[in-house]
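1. quick check, what structure comes out for this input:
(4 chains, ligands or ions: 6)
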Amino acid sequence: MSLGAEWMIDWVRTSAAVIADHRVELITLDREIGDGDHGENMDRGFSAVLAKLDDLPADALPADVLKLVATTLISTVGGAAGPLYGTAYLKAAGAVAGRVELDGGALAALLRAARDGIVLRGKAESGDKTMVDAWTPAVNAADAAVGQDAGAAAVLAAAAAAAEQGAVATEPLIARKGRASYLGERAIGHRDPGAQSTALLLRAAADVAGGVAAP
Amino acid sequence: MSLGAEWMIDWVRTSAAVIADHRVELITLDREIGDGDHGENMDRGFSAVLAKLDDLPADALPADVLKLVATTLISTVGGAAGPLYGTAYLKAAGAVAGRVELDGGALAALLRAARDGIVLRGKAESGDKTMVDAWTPAVNAADAAVGQDAGAAAVLAAAAAAAEQGAVATEPLIARKGRASYLGERAIGHRDPGAQSTALLLRAAADVAGGVAAP
Amino acid sequence: MTVGLVFVSHSSKIAEGLVDLARQMAPDVPLVAAGGMDDGGIGTSFGLVTDAIARAEAGDGVIILCDLGSAILTADTALDFLDDDARSRVSIVDAPLVEGGVAAAVAAQTGDDRDGVAAAARTAVPAA
Amino acid sequence: MTVGLVFVSHSSKIAEGLVDLARQMAPDVPLVAAGGMDDGGIGTSFGLVTDAIARAEAGDGVIILCDLGSAILTADTALDFLDDDARSRVSIVDAPLVEGGVAAAVAAQTGDDRDGVAAAARTAVPAA
Ligand SMILES: Nc1ncnc2c1ncn2[C@@H]1O[C@H](COP(=O)(O)OP(=O)(O)O)[C@@H](O)[C@H]1O
Ligand SMILES: Nc1ncnc2c1ncn2[C@@H]1O[C@H](COP(=O)(O)OP(=O)(O)O)[C@@H](O)[C@H]1O
Ligand SMILES: [Mg+2]
Ligand SMILES: [Mg+2]
Ligand SMILES: [Mg+2]
Ligand SMILES: [Mg+2]
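-> Numbering: from 1, shown residues only, chains lettered A, B, ... in the order given. Ligands and ions are numbered 1, 2, ... in the order given. Got it, this is the predicted structure:
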């Protein structure tokens, strides 16, 4: 099984819906250790993406969809998440350039490129209490799944589960990047909002792929 | 000969007139090595002082006049010159507190207190290309004149001449305080606006005293 | 109650914008803008700074941040005119206005005392 | 012609006020505010930063100053989208926004090149 542009567009639509549903949760997390806008920023960004999806040509490749998401998030999010996710989707597009269908290996490569883009942009390391702490376990889990010949949906499911665990695992950390770094030890006990939105986005990817794969 | 509140009020009125007359000159100097507002700042301040002079009680002492100038400049000048001259006039008031008439020695003490106030506030040393470079020669010249038993008008005349020379002598200097310090070597060749306004104010003091002493 | 902050700038817009920015991360801290001259022009105002100090004082003292040197001179002068008690609870911290202001606001929000808030302002580096 | 400056702030007021302030000492320098989001809210805008870079370029390059970390991320991203030639004439300098911005403006006004302007921004200390 592999996934094409249709899945990708579905993923984006579902991402927008999931972000909208979790807007307040992300705002609340960001209010604890940031400026309280992460839910608003992400919702603004994905709403703008939704509005542009129909402009895609009928023969758009997965990479074209990712590029559209990238440029739209960069232009509309307004917070750190904009350049970070924007760069992630842009590098992800580069990793699957020209491909019509993405198998498990391609999806793992896509996720790795996205994570590398975030690190390139934001210079965070693992353990800095950022979205990287959700992405890196996700990338590793996806690679491991590919190593066990998992299909596309299973690779995404592994990534999503690892991202969720990674997001939870940011709670005991002190932040060394982003606004939460102002808080020193007082960030302990709070989940990083960007790690949480990462978990939501990867869960959406897996859910949509599962839906595709299931019937 | 000694000088009382009448002279002091005259000095203040003349100061306001002289500053108004030299508004553009001070603006031009400050445009070269600052933000171009010194003439405006000083004119705003002394216009406000003028408007308040009539509020002084008939039995106001010289120190009362100085205090009025101090608080008014502090409240209205809007630039570095406000706190600096304001503190100068305030400390000058302290130096002649309670006195009805000021002889040469009292005037020299007044000038010294004013200069010390500026240094206390602004932490500039001689040679930093600030108004201190006009005040310090003026204070020294006033002391020297007092040492030679000069009268009040002669003390002020000595101070005024020294302040004028001090202002000119700021031209080759590099600034180490105030906005001109941003310019490094490029401040060389320009006269410090605050040193120039100091020279104008002390010349006004001497002129008014000369007029009083002359007839 | 928290430490209060006064932002002294030559520009009213800078001081007000900084209140908006810091407010996001410090909703409960008294943040008071003292920017521009009384007429709104570029410069500093002894009166605005004096009033701002009073408004920022919520019982735990006040930290003042300034932009350029003449703003510091104005703030210093304002402190000189306070009575000893008020004076003892206010300090001017030598830190970059915007970056230090945000860091100070966060420190105040989380309950730091005046020394802690001042230290946060001084050690502020752009967080990325 | 001089080096141009772009002030990237989360607040449109801060960026605009800084242009007003720096303008006093740098009347001939292209000073461009890129503050706030497209709708004026607190945040940063890739579009505003990109436009500001183009407007600040008068032939001698552009220096960008930012307030907080996410402003740097936005500016970095804007640079990535420039063509190589434009990109080679723009740099982001790590300096306090207001204090560094004024120092950079003065350096640009007096004809410093891009390196000189960046150095002036970095070494800015509040002048008193
Ligand atoms: N340098 C960085 N590297 C990686 N992630 C970062 C970095 N800075 C911030 N983040 C992520 O961005 C999230 C905050 O996003 P958002 O609230 O939209 O931006 P802002 O902090 O500008 O308001 C954080 O929770 C964190 O996951
Ligand atoms: N720290 C200081 N000590 C002494 N004098 C100073 C200091 N800073 C500035 N000045 C004086 O103030 C003058 C500038 O005054 P003004 O233009 O009114 O203020 P601003 O620089 O705030 O615009 C300078 O020419 C200098 O003489
Ligand atoms: Mg946020
Ligand atoms: Mg934000
Ligand atoms: Mg000036
Ligand atoms: Mg000024």
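
2. please make it C-alpha for all contacts and neighbour counts, starting now.
-> OK.

3. who touches the helix or strand hosting C:Leu65?
-> Taking DSSP states H and E as the criterion, the element that holds C:Leu65 is strand C:62-66. Applying Cα atoms under 8 Å, 6 or more residues apart in numbering or on different chains, the external contacts of strand C:62-66 come out as C:3-9, C:53, C:56, C:72, C:75, C:89-97, C:100-101, C:114, C:117-118.

4. do the next helix or strand after it and ligand 5 meet at all?
-> Moving toward the C-terminus from strand C:62-66, the next helix or strand (DSSP H and E) is helix C:69-80. No - Helix C:69-80 stays out of contact with ligand 5 when judged by Cα under 5 Å from the ion, the minimum separation being 9.2 Å.

5. beyond helix C:69-80, next helix or strand please.
-> Toward the C-terminus, helix C:69-80 is succeeded by helix C:84-88 as the next helix or strand (DSSP H and E).

6. ok, back up a step: briefly note if the strand holding C:Leu65 comes near ligand 2.
-> No - where contact is defined by Cα under 6 Å from any ligand atom, no part of strand C:62-66 touches ligand 2; the two come within 12.7 Å at best.

7. neighbours of the residue in chain A that ligand 5 sits nearest to, just the number please.
-> As assessed by Cα to the ion, ligand 5 sits closest to A:Tyr182 within chain A, at 35.8 Å. Neighbourhood size, A:Tyr182 [other Cα atoms under 10 Å in any protein chain shown]: 27.

8. next one: A:Gln196
-> As a burial measure, the neighbour count of A:Gln196 was computed by other Cα under 10 Å and equals 25.

9. check which residues of the helix or strand in which it is found are buried.
-> For A:Gln196, the element it lies in under DSSP H and E is helix A:193-213. Of the residues in helix A:193-213, A:193-210, A:212 count as buried by neighbour count, 16 or more other Cα atoms under 10 Å in any protein chain shown.

10. now do the helices in the chain.
-> With no chain named, the answer covers chain A. Under the criterion DSSP state H, chain A contains helices at A:5-21, A:23-33, A:38-53, A:62-76, A:81-95, A:104-122, A:132-147, A:152-168, A:193-213.

11. nope, chain C please
-> Secondary structure of chain C (DSSP H): helices located at C:12-25, C:46-56, C:69-80, C:84-88, C:97-109, C:114-122.

12. of all those, which one is nearest A:Ala5?
-> For those, the distance to A:Ala5 is smallest for helix C:12-25, at 39.2 Å, taking Cα to Cα.

13. for the residue of chain A most remote from its centre, give me its contacts.
-> In chain A, the greatest distance from the average C-alpha position (Cα atoms, centre = their mean) is reached by A:Glu185, at 26.7 Å. For A:Glu185, the contacting residues are A:Ile174, by Cα under 8 Å, 6+ apart.

14. tell me the pLDDT of it.
-> What the model reports as pLDDT for A:Glu185 is 94.

15. try the one 5 residues further on
-> pLDDT, the model's per-residue confidence, is 98 for A:His190.

16. cool, C:Met1 as well?
-> According to the per-residue confidence, C:Met1 scores 84 in pLDDT.

17. tell me the phi and psi of the nearest residue in space to it that is not next to it in sequence?
-> Distances taken as Cα to Cα, 6 or more residues apart in numbering or on different chains place C:Ala58 nearest to C:Met1, at 6.3 Å, with adjacent residues excluded. In this entry, C:Ala58 is assigned phi and psi values of phi -110, psi 20 (degrees, to the nearest 10).

18. give the contact list for C:Ala58.
-> Contacts of C:Ala58 (Cα under 8 Å, 6+ apart): C:1-4, C:30.

19. give me the buried entries from these.
-> Buried positions within the contacts of C:Ala58, assessed by neighbour count (16+ other Cα under 10 Å), are C:2-4, C:30.

20. on that earlier part again, list the buried residues of the strand holding C:Leu65.
-> By neighbour count, with 16+ other Cα under 10 Å as the criterion, the buried positions of strand C:62-66 are C:62-66.

21. the residue positioned nearest the centre of chain A and ligand 3, how far apart?
-> Taking Cα atoms, centre = their mean, the centroid of chain A lies closest to A:Thr198, which sits 4.1 Å from it. Summarising the geometry, the distance separating A:Thr198 from ligand 3, computed by Cα to the ion, to the nearest Å, is 14 Å.

22. so who does that residue touch?
-> By Cα under 8 Å, 6+ apart, A:Thr198 lies in contact with A:131, A:134-135, A:163.
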